[in-house]
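1. model this:
(2 chains)
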Amino acid sequence: MKILVADDHPLTLNGTVSYLTNLGYNVVNACSNGTSALNYIQVYLPDVAVLDLNMPGLDGLEVAKKVMENKWRTKVIILTMHNEIGVLNKAKEFDVDGYILKEKACPDLEKCMKEIALGKKYYSGALLQNYTIEQTDDLAILNLLTLSERKIIELIASQKTSKQIAELLFLSEKTVEGHRTRIIEKLGIPKEKNALLIWAIQNYKKSL
Amino acid sequence: MPTIKKIIFLLFIFNIIFSCKEKNENFYFEKVTPPKEEPTKVWLRKNENYNANKEHYIKVFLDYYQSKISKKDYLNASKILDVVTTKFVYFYDFDPRLTKVVKEFDEKYRSELPPLKTTHIDNYLANLEFDKDNLKKARDYFLKITALEPDDYKSCYKIARAYYDLSYTYFILGDLKNSIEANEKSRIYSIRIRDKESIASIDLNYINIYKANGSFEKAIASADNVIQVFKETGNTYDYFMAKYNKCSVYGFFNKRQLKNKYIHQTYREYTDSKYDNDVLLLCISDYEIEALIEENKLNEARIVLEKIKPVAEKNTSQNWQKDYQATLALYQINKDVKTCNTKYIENSLPNLLEHKNYERANLFYDVLLEKAIQSRDLDKVVFYNNEVYRTKDSLSSAKSRLINLELAAKYETKEKEQEIKLQQETIINKNAVIVALILIFIALLLIIIIYYLKQKQKKLSLEKERSLQFTKNLLDKTEEERKRIASDLHDSVSHELLSLKHSFEASQLQLNEKVDNIINDIRAISRNLHPVLFEKIGLEASLEQFVERIQSTHRFMITSEINYQDGLTTEKELQIYRIVQEAVSNIIKYAEAIAAKIVLTENKDTVTLEIIDNGKGFNVEETMETKDAFGLHNIIERSKAIGGQAHITSTDKGTKIVVQIKK
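-> Next up is the predicted model:
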């Protein structure tokens, strides 16, 4: 498996190269910017390109875009410090095969290489970690719910109709109904008339 | 200070206008439209009702008059008497029934009313006496009217008219000096009411005055002038009367051919005009007959005579009666001098001479002279010839002729001067009005401009103050931001690093965790400074990311609806992102809203950003004035910077911020 590594920080570049070499991978080229990485990919079509995001010239995403557009067989792994859902989504748009946070590179890059070898995609598990809501509720079961669902249940507890809830939360009535169904499923409430209302009043009074 | 100047300026203008008005009020009287009159009065005013059926007309008048008298409404009785007597005088109709009513009113009720309101009584009586050749009595009645001073348009008109009649009376009496003076007085009063016809009538008298003075050209010129004016004003009666007078001028100066030609023309014009008036018919026909007799067209003369006979017999005016009799006698003399009857004329003469009615005496002597010539009675021819010249001279004695001519000339120049003065006055008045209007216009314009500039200045200074405040806030905010970054770096990163240094002995796992914390701290700081990779991932993804982060970190229900196709530059996108940040942070801080929503829509030419919440709202205008409205100003200024406009509306049901940006 021929691997290309590109990073504008020499220390990181060397680190990545030696890490991969130590794991037994064949690093064929190490570039310090996106432009030379793209040129190499274009000519030699390595199996894997491990790219930093912020680089002078072309950045990692732009290279990934070119690769996707030209349908080259090279698989792209983004190795970055950016732990942002928006950036990940963008990368997914360009059909990258891996997205790894640098601070978690140590175990993740190895896992990623293995997954890719199997033809799968791999996105660092550490992503979104900082998005998880800090749960403060006593009722552990509520932690299963998303923010929207929790807001809805709050409003149900204060005996609002779906229509009123939809208006208050700037959602469509249909969306609210959908959320209700999901809440009932998640909380395992029996499918009876007003069951959710009763549950909400019983369990959610304190937050009113 | 421009305001004070303006006020002074305006006062000045008003002063001019009012001073103009005052001057007018002193000398001139303006015609006032009378209030709505009773239908009977309106009916009585109309000439056609008098012409159609005089008996009925008189009955209607008497009933109306008596009803007013019985109600002791003397003012209205007097008013109706005014209408009717004026009409009767106009038609030279001195009906005894009317005369009786006038005399009765004069004796019984006149004292109840102010003299200025009853001048028509004197006018009627004067004309009545005049018609009976009691010229001196007539003169005295006219003098009674002219002794008054007018106080309104109507009384001024009456006095002008009385002077006019007085002038004619003096003329008949042969007192040309007083005739001219009265005539000039009439002119002054006519000018005061600015009545074109009254002013023209002055020349009607001058026809006779110049005639008597032997000034043929001037008499004809005066006549032509009057004819012209009455033709213009459409006053048919006075138009023909002026022509009749012109004829008399020709006759007086023995211009027979001119006279005959002119009267034929006038007579034809009159009969063609279908204008029906007894007096006009009589006087024009008299001259026509005279001319026909002279041209020896006796048959034609007889036809005209027969035509006017019934009219003449029914007419109550003694003046026209005499003229008719003279014409009739003239016809008879020429027809057959032996059978002619000149008794009436011979009998009338002493009375005429006694009353100094030289004009008519002259006419009668002419007739008698004609008779003497026809009957070849030489003694009588000599006698009557002398009488004709004597009476003619009596109208204006040769001695006084020169003086009178000079007097007339003097008045003529005076009149012209007055006319010029009047014209100048009118021009000055008009100019003053125009100048005043222009000044007012300029003043208004100035006021508007000053007001506009003031408003603009006010707006500018307010804007300046706001932008100053904004800059100050911006600087404060920057400083605050730096402080926050400094403290963030110091409090989190430094401390974490310190703790990292202390825990090198600890396990690999702990170390890892600490390093991760530091990385996350730096991430948070960086994220707060600038949205991560904004240029790369674009506005839509950045906003979605922002919404998610707000949901997770603030547990605030916010949703987004984005329909955007990258129609704006990255710089503008960044400002939109900042506006959203600002607005949402305001909502979280102050609104107490249950939820908020961000809507971004791209249209053909514009991109619209809406941020809605259902919080408690605030008073937009009031808040904008306060110093801590930095957030709102921030939104507005950023919108402006990217060529957009922000509208903020707020009620107790929530707030809505709409930003429209042109692409």
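2. residues from chain B in reach of chain A?
-> Proximity of chain B to chain A, by C-beta under 8 Å from any C-beta of the partner chain, involves residues B:515-516, B:519-520, B:523, B:527, B:532-533, B:536-538, B:541-542, B:544-545, B:548-549, B:551-552, B:555, B:557, B:559, B:594-597, B:612, B:614. The way it works is simple: take the backbone N, C-alpha and C, and place the C-beta from them, glycine included.
3. apply 7 Å and report the result again.
-> B:515-516, B:519-520, B:523, B:532-533, B:536-537, B:541-542, B:544-545, B:548, B:551-552, B:555, B:557, B:559, B:594-595, B:597, B:612, B:614 (C-beta under 7 Å from any C-beta of the partner chain).
4. can you give me the strands in chain A?
-> A:2-6, A:26-31, A:48-52, A:75-80, A:98-101, A:122-123 (DSSP state E).
5. skipping adjacent residues, who's closest to residue 102 in space?
-> Since no chain was named, I'll use chain A. A:M81 (5.1 Å; C-beta to C-beta, 6 or more residues apart in numbering or on different chains).
6. let's do chain B instead
-> B:Y124 is the one closest to B:V102 (C-beta to C-beta, 6+ apart), at 5.1 Å.
7. can you classify that neighbour as helix, strand or coil?
-> helix (DSSP: H, G, I helix; E, B strand; the rest coil).
8. what number of residues lie near the closest residue to B:F534 other than its chain neighbours?
-> Spatial nearest neighbour of B:F534, chain neighbours left out: B:S542 (5.4 Å); criterion: C-beta to C-beta, 6+ apart. B:S542 has 24 neighbours, counted by other C-beta atoms under 10 Å in any protein chain shown.
9. go ahead and confirm B:S542 touches A:G86.
-> Yes. In terms of C-beta atoms under 7 Å, B:S542 counts as a neighbour of A:G86; the distance is 5.9 Å.
10. ok, which stretches of chain A are helices?
-> A:10-22, A:34-44, A:60-70, A:85-93, A:105-117, A:147-157, A:162-169, A:173-187, A:195-204 (DSSP state H).
11. what comes up buried for the third one?
-> The neighbour-count check on helix A:60-70 (16 or more other C-beta atoms under 10 Å in any protein chain shown) flags A:60-67 as buried.
12. lowest average confidence across helices and strands of chain A, where is it?
-> helix A:195-204 (a mean of 81; mean pLDDT, DSSP states H and E).
13. and residue 164, what pLDDT?
-> I went with chain A, as the question did not name one. Looking at A:Q164, its pLDDT reads 91.
14. nope, chain B
-> 91.
15. what about it, helix or strand, and which?
-> According to DSSP states H and E, B:Y164 maps onto helix B:153-172.
16. what's that helix in contact with?
-> B:29-32, B:116, B:119, B:123, B:126, B:130, B:135, B:138-139, B:142-143, B:145-146, B:148, B:150, B:178-179, B:182-183, B:185-186, B:189-190, B:192-193, B:195, B:198, B:201, B:205, B:208-209, B:212, B:357, B:359 (C-beta atoms under 7 Å, 6 or more residues apart in numbering or on different chains).
17. next: stretch B:223-234.
-> B:196-197, B:200, B:203-204, B:207, B:238-239, B:242-243, B:245-246, B:249.
18. quick one: which of these is nearest to chain A?
-> In terms of C-beta to the nearest C-beta, no member of the contacts of stretch B:223-234 lies closer to chain A than B:K196, at 82.3 Å.
19. wait, what's in contact with the closest one?
-> Contacts of B:K196 by C-beta under 7 Å, 6+ apart are B:229, B:233.
20. give me phi/psi at B:S375?
-> phi -90, psi 10 (degrees, to the nearest 10).
21. and it, how many neighbours does it have?
-> B:S375, neighbours per other C-beta under 10 Å, totals 14.
22. what of the one 3 residues further on?
-> The tally of other residues near B:L378 (other C-beta under 10 Å) stands at 10.
23. in stretch A:27-41, what's buried?
-> In stretch A:27-41, counting by 16+ other C-beta under 10 Å, buried: A:27, A:29-38, A:40-41.
24. and if you look at stretch B:480-488?
-> For stretch B:480-488, by 16+ other C-beta under 10 Å, it's B:D488.
25. what does the average pLDDT come to for stretch B:188-206?
-> 85.
26. from the middle of its chain, how far away would it be?
-> Relative to its parent chain, stretch B:188-206 has a centroid offset of 24 Å by C-alpha atoms, centre = their mean, to the nearest Å.
27. just the terminal-to-terminal distance for that stretch.
-> Length of stretch B:188-206, first residue to last, C-alpha to C-alpha, to the nearest Å: 15 Å.
28. got the buried residues for it?
-> Result for stretch B:188-206 [16+ other C-beta under 10 Å]: buried residues B:188-193, B:195, B:198-206.
29. contacts for the one helix or strand B:T119 maps to, please.
-> Assessed by DSSP H and E, B:T119 sits inside helix B:119-131. Applying C-beta under 7 Å, 6+ apart, the contact partners of helix B:119-131 are B:81-82, B:85-86, B:89, B:94, B:99, B:102, B:105-106, B:110, B:137-138, B:141-142, B:144-145, B:148, B:158, B:162, B:165, B:169, B:317-319.
30. at 8 Å instead, please
-> With contacts defined as C-beta atoms under 8 Å, 6 or more residues apart in numbering or on different chains, helix B:119-131 is touched by B:78, B:81-82, B:85-86, B:88-89, B:92, B:94, B:98-99, B:102-103, B:105-106, B:110, B:135, B:137-142, B:144-145, B:148, B:155, B:158-159, B:161-162, B:165, B:169, B:317-319.
31. return the subset of the residues you listed lying in helices.
-> Those of the contacts of helix B:119-131 lying in helices (DSSP H): B:78, B:81-82, B:85-86, B:88-89, B:98-99, B:102-103, B:105-106, B:135, B:137-142, B:144-145, B:155, B:158-159, B:161-162, B:165, B:169, B:318-319.
32. filter the residues you listed to the buried ones?
-> Applying 16+ other C-beta under 10 Å to the ones in helices among the contacts of helix B:119-131 flags B:78, B:81-82, B:85-86, B:88-89, B:98-99, B:102, B:105-106, B:135, B:137-142, B:144-145, B:155, B:158-159, B:161-162, B:165, B:169, B:318-319 as buried.
33. local confidence estimate at the closest residue to chain A within the stretch 201-350 of chain B?
-> Residue of the stretch 201-350 of chain B nearest chain A, by C-beta to the nearest C-beta: B:G234 (81.9 Å). Listed pLDDT for B:G234 reads 83.
34. and what of B:E104?
-> 90.
35. neighbours of it, how many?
-> The number of residues near B:E104, taken as other C-beta under 10 Å, comes to 12.
36. how about the residues of chain A by chain B?
-> So far as C-beta under 8 Å from any C-beta goes, chain A lies against chain B at A:53, A:59, A:61, A:81-87, A:89-90, A:103, A:130-133, A:147-148, A:151, A:155, A:168-171.
37. now with 6 Å?
-> Selection of chain A residues close to chain B by C-beta under 6 Å from any C-beta of the partner chain yields A:61, A:82, A:84-87, A:89-90, A:103, A:130-131, A:133, A:147, A:151, A:168-170.
38. quick one on the thing from earlier: tell me the one of the buried residues of helix A:60-70 nearest chain B?
-> Nearest to chain B among those, with distances taken as C-beta to the nearest C-beta, is A:L61, at 5.9 Å.
39. can you list the weak-confidence ranges in chain A?
-> A:125-141, A:204-208 (pLDDT under 70).
40. swap in 50 and give it another go.
-> A:130-135, A:207-208 (pLDDT under 50).
41. report the buried members of the residues of chain A next to chain B.
-> So, by 16+ other C-beta under 10 Å, the buried ones in the residues of chain A next to chain B are A:61, A:82, A:84-87, A:90, A:103, A:147, A:151, A:168-170.
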